[in-house]
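Novice: quick one: sequence and predicted model below, then my questions.
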Amino acid sequence: MKMTDDVDAHIHEKFELQKRLGKGAYGIVWKAYDKRSRETVALKKIFDAFRNPTDSQRTFREVMFLQEFGKHPNVIKLYNIFRADNDRDIYLAFEFMEADLHNVIKKGSILKDVHKQYIMCQLFRAIRFLHSGNVLHRDLKPSNVLLDADCRVKLADFGLARSLSSLEDYPEGQKMPDLTEYVATRWYRSPEILLAAKRYTKGVDMWSLGCILAEMLIGRALFPGSSTINQIERIMNTITKPSRQDIASIGSHYAASVLEKMPQRPRKPLDLIITQSQTAAIDMVQRLLVFAPQKRLTVEQCLVHPYVVQFHNPSEEPTLHYEVYPPLPDHVQLGIDDYRDRLYEMIDEQKASFKRIQHDKIRPFSPKDKSRAPIAQAECSDTDYDTARSLQKSTSMDKNTSSSHDSSTGTLRERAQSAESRTSKGSNGDMRNGNGSAISNGIKQRRRSIERSRLFANIKPSKILHPHKLISRGDKDYENFEKKY
Ligand SMILES: Nc1ncnc2c1ncn2[C@@H]1O[C@H](COP(=O)(O)OP(=O)(O)OP(=O)(O)O)[C@@H](O)[C@H]1O
């Protein structure tokens, strides 16, 4: 498939394309000016969106889940969808964000402790929202975490999101996916996915969040595996050794034998890899990167963990009180036309019709209530986890730093200040080495554009994502805070 910069004439009529922001496995993203709304948007062209049933389902899921979850402040908003003249490509217009977390981590010392905490807290809010609707993101990674200059987070790329609601209908005896197919986001994949477990839980997202936090703390990917086996090896050489029951609990036929055959290397535990970080940060990573999914922190537990608790505010952490699944069955793959027709219908109507199953309100987590089963217990099977194509990915980002403040900055200031007083080791912004090296895997190669590393190159970190962006302007106290960080 050839991805070119060509854009249909009717899109050119509506948008003024300004800059190519990135190129993913599925399409190209531009910064564009919407002539009608007079807003800057991110315009994504998905190439050959209905090439085969897997890609069609991916396109369909992306649009459907974005429509449902875009109402959350930490999920990217999909403004519009457009058909292409060739009936194969599709255009999505999103709210525009200035950077993604991959760029920012790679750049080096931009993120201070308080930013990392705030980013994690917002990610937990977004995931709490998804999980409360019984939906998994399944592709959490730094390049899908978009950021603006105020350090606000918006979660993107819902192409692999999956509803757990169709659990009951799931047919028995499905063929398991080929391990070698797990290419797209291997570095953030949980052990149970790597070991092709039959069933998985919300724990898959919690694992990825642990990898993202670790990456922010050390400035490079924690487990940059070069193959599925190498990925498992790296994980097993780092995390606490699982018990037999832990291994059995993931329900993978060959997990035990794969793990047994693995060459025994001396373990390098997380606290020796993540040095110079706050104790709470290390503790959180250790509690997320746990082999047995049911033993990982749930997202509700994360929100009250000491690492992010200073940003925790139940009024800013909404949940859904119904289960979400797309208007077409999510657990089986339909034909190309089913997805395309439904999506075109939706473009005509410009809205998604979700089926909503009311479920009990999720009680806020109480640390006293240890016996309660975490919400991450919901399970489902899956055969299509990896729908990614082999990718040649290059991305560049805009370095526009324009920003605006919202009404929440006042409370944020207080929390940022309390964060400061609680930070025992101060800033550790200099510890990363910026190693975002490309890892090859046979013919499949994951590449990041060299343009990424130029992000913010001419801009002083103080202008971008500086702690003062986290707190309200014009406040005297904030000057002291700024001096210190
Ligand atoms: N709303 C946005 N604002 C700014 N940049 C964006 C936006 N959406 C996406 N990007 C940039 O484009 C890149 C690719 O976007 P996206 O992840 O949606 O594409 P994809 O083809 O699905 O990628 P992947 O290969 O990760 O699956 C992102 O990593 C990000 O750098």
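Specialist: Structure's in. What do you need? Numbering: from 1, shown residues only.
Novice: what about the residue of the stretch 201-350 of the chain found nearest the ligand, which helix or strand?
Specialist: Closest approach between the stretch 201-350 of the chain and the ligand, counting by CB to the nearest ligand atom: residue 208, at 12.9 Å. Any C-beta I mention is one placed from the backbone N, CA and C, and that applies to glycine too. Using DSSP states H and E, residue 208 falls within helix 203-218.
Novice: tell me the helix or strand right after that helix.
Specialist: Counting by DSSP H and E, the next helix or strand C-terminal to helix 203-218 is helix 228-236.
Novice: mind listing what's buried in that following helix?
Specialist: 228, 231-236 (16 or more other CB atoms under 10 Å).
Novice: could you dump those residues into JSON lines and include pLDDT?
Specialist: Formatted as JSON lines, the buried residues of helix 228-236 follow (pLDDT from 0 to 100):
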{"residue": "228", "pLDDT": "89"}
{"residue": "231", "pLDDT": "95"}
{"residue": "232", "pLDDT": "95"}
{"residue": "233", "pLDDT": "94"}
{"residue": "234", "pLDDT": "96"}
{"residue": "235", "pLDDT": "96"}
{"residue": "236", "pLDDT": "95"}
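Novice: the residues you listed: which two are farthest apart?
Specialist: 228 and 236 (12.6 Å; CB to CB).
Novice: quick one: common contacting residues for those two?
Specialist: Both residue 228 and residue 236 lack any common contact, where contact means CB atoms under 8 Å, 6 or more residues apart in numbering.
Novice: in the helix holding residue 208, what counts as buried?
Specialist: 203-218.
Novice: other SSEs contacting that helix?
Specialist: The contact analysis (3 or more CB pairs under 8 Å, 6 or more residues apart in numbering; DSSP states H and E) places helix 203-218 against helix 101-107, helix 113-132, helix 191-194, helix 270-273, helix 279-288, helix 299-303.
Novice: recalculate using a threshold of 10 Å.
Specialist: Counting contacts by 3 or more CB pairs under 10 Å, 6 or more residues apart in numbering; DSSP states H and E, helix 203-218 packs against helix 101-107, helix 113-132, strand 135-136, strand 145-147, helix 191-194, helix 270-273, helix 279-288, helix 299-303.
Novice: okay, now the closest residue to the ligand within the chain: neighbour count?
Specialist: Nearest to the ligand in the chain, going by CB to the nearest ligand atom, is residue 24, at a distance of 1.9 Å. Residue 24: 21 surrounding residues under other CB atoms under 10 Å.
Novice: and it, how far is that from residue 46?
Specialist: 9 Å (CB to CB, to the nearest Å).
Novice: and if you look at residue 80?
Specialist: Taking CB to CB, one finds residue 80 at 14 Å from residue 46.
Novice: who's more crowded, these two?
Specialist: residue 46 (25 against 17).
Novice: show me what contacts that one?
Specialist: 3, 24, 26-29, 55, 58-59, 62-63, 81, 84, 88-92, 159 (CB atoms under 10 Å, 6 or more residues apart in numbering).
Novice: how about a cut-off of 7 Å?
Specialist: By CB atoms under 7 Å, 6 or more residues apart in numbering, the contact list for residue 46 reads 26-27, 59, 89-90, 92.
Novice: JSON lines please, covering those residues and showing secondary structure and distance to the ligand.
Specialist: Shown next, in JSON lines, are the contacts of residue 46 (DSSP: H, G, I helix; E, B strand; the rest coil; distance: CB to the nearest ligand atom, whole Å):
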{"residue": "26", "secondary structure": "coil", "distance to the ligand": "4"}
{"residue": "27", "secondary structure": "strand", "distance to the ligand": "5"}
{"residue": "59", "secondary structure": "helix", "distance to the ligand": "10"}
{"residue": "89", "secondary structure": "coil", "distance to the ligand": "13"}
{"residue": "90", "secondary structure": "strand", "distance to the ligand": "12"}
{"residue": "92", "secondary structure": "strand", "distance to the ligand": "8"}
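Novice: so the closest residue to the residue of the stretch 201-350 of the chain closest to the ligand other than its chain neighbours: helix, strand or coil?
Specialist: Excluding the flanking residues, the one nearest residue 208 by CB to CB, 6 or more residues apart in numbering is residue 140, at 3.6 Å. Put simply, residue 140 is coil when judged by DSSP: H, G, I helix; E, B strand; the rest coil.
Novice: so what's residue 140 up against?
Specialist: So residue 140 contacts 188, 205, 208-209, 212 (CB under 7 Å, 6+ apart).
Novice: any idea of the pLDDT on it?
Specialist: Residue-level confidence at residue 140 comes out at 96, pLDDT.
Novice: how far away is residue 160 from residue 136?
Specialist: 8 Å.
Novice: so which bits of the stretch 1-150 of the chain are right by the ligand?
Specialist: 21-22, 24-27, 29, 42, 44, 76, 94-97, 100, 143-144, 146 (CB under 6 Å from any ligand atom).
Novice: among these, which ones are in strands?
Specialist: The strands, defined by DSSP state E, take in 21-22, 27, 29, 42, 44, 94-95, 100, 146 from these.
Novice: re earlier: got the contacts of residue 46 as a markdown table, with neighbour count and pLDDT columns?
Specialist: Putting these into a markdown table (neighbours: other CB atoms under 10 Å; pLDDT from 0 to 100) gives the following:
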| residue | neighbour count | pLDDT |
| --- | --- | --- |
| 26 | 26 | 82 |
| 27 | 20 | 87 |
| 59 | 24 | 87 |
| 89 | 21 | 92 |
| 90 | 25 | 93 |
| 92 | 23 | 94 |
